[in-house]
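# Please work out how this folds:
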Amino acid sequence: MTTPPKDPMNSVTARTRRSRGALAGVALAGVALAGCGVARVVVPPVTGVPSESLSVPLRTVACATDNVCVAVGATSAAVAVTTVGEYRTATGGWRALVVPTANSPLITTSSCASDQCLIGGSQLTGDLLWRFDASTATVSALAAPPQGQGVVALSCFAASSCAMVDSSNTTGHARLSVTEDGGATWTSPVALVWASHDTISALTCTSVAHCLAVGNAPGRPARVEATTDAGATWNPLSTSASWSSLTSLTCRAQLCAAIATTDQGSALVRSVDGGATWTTTVLPETATAVSCASARRCVLAGAAARGGWLARVNGRRVTSVALRYVPSTLTDLSCGAGVCSAVGPSTLVALARS
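Numbering: from 1, shown residues only. Okay, here's the model as predicted:
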């Protein structure tokens with residue numbers, strides 16, 4: 001593992017670094033005021049903090065159960081630094097993270113369980129796969145299953161247990177692999193035959209055997225397929241003909257949530273029976289990611305007219321969160337036990353999970 005060379009044009013000044021921790025604390029604060037004998041809480045805007053490198057955009061974020069979050073990005077442009085990483089400490093504030101270098105890297109996905117997170121993407125040699133240890137704030141490169149040309153989806157569902165979808169460098173088809181030792185070894189990849197003409201946009205697993213995967217293809221509705229035998233067989237779940245695409249699918253037990261693109265715009269779709277039936281909530285802005293603590297309470301990230309967008313959901317009520325210094329779309333979102341973190345290409349934000 002090597003430390004990327006420092007680019008002075010992208011360095012954050014000492015003053016800005018000090019403000020990053022302070023801003024993160026402000027973003028999670030609320031001020032109690034008394035008026036007419038009744039206490040009320042005034043919540044200040046959530047304030048974004050700048051990323052470490054403006055030339056390497058952040059792409060994905062994942063939070064461990066102890067509220068440590070890891071954000072990573074990459075670029076294949078001709079710049080000195082091709083990969084970048086930051087992590088949020090359990091007490092708040094973002095810090096620079098040393099990440100492996102890669103040739104023509106692309107970061108696509110990440111997922112955490114307990115204090116271990118996996119980060120996936122592609123590089124010139126094929127699959128790119130890293131492990132982040134939240135207890136030590138370190139990142140190490142892992143050996144992926146052979147003959148992979150890029151990781152497209154990850155789902156970590158228990159300590160050291162994760163599933164991965166990548167694509168074969170011989171057939172181009174999606175395939176599923178599982179690890180139970182934190183990514184040190186993987187099962188032999190199983191081809192997702194049903195997805196031969198699909199782009200896999202999400203994978204979510206609740207055990208080694210039970211997973212749901214989303215396939216999107218131009219000109220037809222999104223599809224959700226489920227396996228209960230580690231990918232040997234798959235069965236289609238009920239979906240809506242109005243879903244032209246589906247992303248950010250996550251399940252915990254029987255509770256599932258995802259973002260659908262419909263003819264009415266973005267919609268939050270939720271299921272309390274493992275994907276057998278769904279309810280739809282049309283959203284006022286364009287959403288990119290969702291995380292739900294219960295069937296009623298969720299957090300959304302995405303884009304609004306003037307930049308990024310965050311919102312809380314309570315039942316069918318969607319309440320936008322006031323943002324400051326979040327100039328572009330928030331591309332990913334993840335929640336730990338008490339905090340949610342979202343990232344845009346050059347911005348990180350943290351929001352207390354209600």
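
# Need the nearest residue in space to residue 171, chain neighbours excluded.
Spatial nearest neighbour of residue 171, chain neighbours left out: residue 191 (7.5 Å); criterion: C-beta to C-beta, 6 or more residues apart in numbering. Every residue, glycine included, has its C-beta placed from N, CA and C.

# show me what contacts the one you found?
168, 171, 173, 174, 175 (C-beta atoms under 8 Å, 6 or more residues apart in numbering).

# ok, now how distant is the second one from residue 192?
In this case it means residue 171. Separation of residue 171 from residue 192 (C-beta to C-beta, to the nearest Å): 11 Å.

# what does the first one give?
Computed with C-beta to C-beta, the distance linking residue 168 and residue 192 is 10 Å.

# just to revisit the earlier point, out of residue 171 and residue 192, which sits in the busier spot?
Between residue 171 and residue 192, counted using other C-beta atoms under 10 Å, residue 192 has the larger neighbour count: 22 against 11.

# correct me, but the more buried one touches residue 164?
No. Residue 192 is beyond contact range of residue 164, at 11.9 Å (criterion: C-beta atoms under 8 Å).

# what do these two both touch?
Common neighbours of residue 192 and residue 164 are listed as residue 176 (criterion: C-beta under 8 Å, 6+ apart).

# quick revisit: give me the common contacts of residue 168 and residue 192.
Common neighbours of residue 168 and residue 192, using C-beta under 8 Å, 6+ apart, are 174, 175.

# burial count for the nearest residue to residue 75 once chain neighbours are set aside?
Leaving out its chain neighbours, the residue that sits closest to residue 75 by C-beta to C-beta, 6+ apart is residue 56, at 4.8 Å. By other C-beta under 10 Å, 27 other residues sit near residue 56.

# check contacts around residue 56.
Contacts of residue 56 (C-beta under 8 Å, 6+ apart): 10, 73, 74, 75, 79, 81, 82, 83, 84.

# Okay, buried residues for stretch 201-215 please.
201-206, 208, 210-215 (16 or more other C-beta atoms under 10 Å).

# Rebuild those residues as JSON lines, extending it with distance to residue 353, pLDDT and secondary structure.
As requested, the buried residues of stretch 201-215 are exported to JSON lines (distance: C-beta to C-beta, whole Å; pLDDT from 0 to 100; DSSP: H, G, I helix; E, B strand; the rest coil):
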{"residue": "201", "distance to residue 353": "24", "pLDDT": "97", "secondary structure": "strand"}
{"residue": "202", "distance to residue 353": "21", "pLDDT": "98", "secondary structure": "strand"}
{"residue": "203", "distance to residue 353": "23", "pLDDT": "98", "secondary structure": "strand"}
{"residue": "204", "distance to residue 353": "19", "pLDDT": "98", "secondary structure": "strand"}
{"residue": "205", "distance to residue 353": "22", "pLDDT": "97", "secondary structure": "strand"}
{"residue": "206", "distance to residue 353": "21", "pLDDT": "95", "secondary structure": "coil"}
{"residue": "208", "distance to residue 353": "28", "pLDDT": "94", "secondary structure": "coil"}
{"residue": "210", "distance to residue 353": "26", "pLDDT": "97", "secondary structure": "coil"}
{"residue": "211", "distance to residue 353": "25", "pLDDT": "98", "secondary structure": "strand"}
{"residue": "212", "distance to residue 353": "23", "pLDDT": "98", "secondary structure": "strand"}
{"residue": "213", "distance to residue 353": "26", "pLDDT": "98", "secondary structure": "strand"}
{"residue": "214", "distance to residue 353": "24", "pLDDT": "98", "secondary structure": "strand"}
{"residue": "215", "distance to residue 353": "30", "pLDDT": "98", "secondary structure": "strand"}
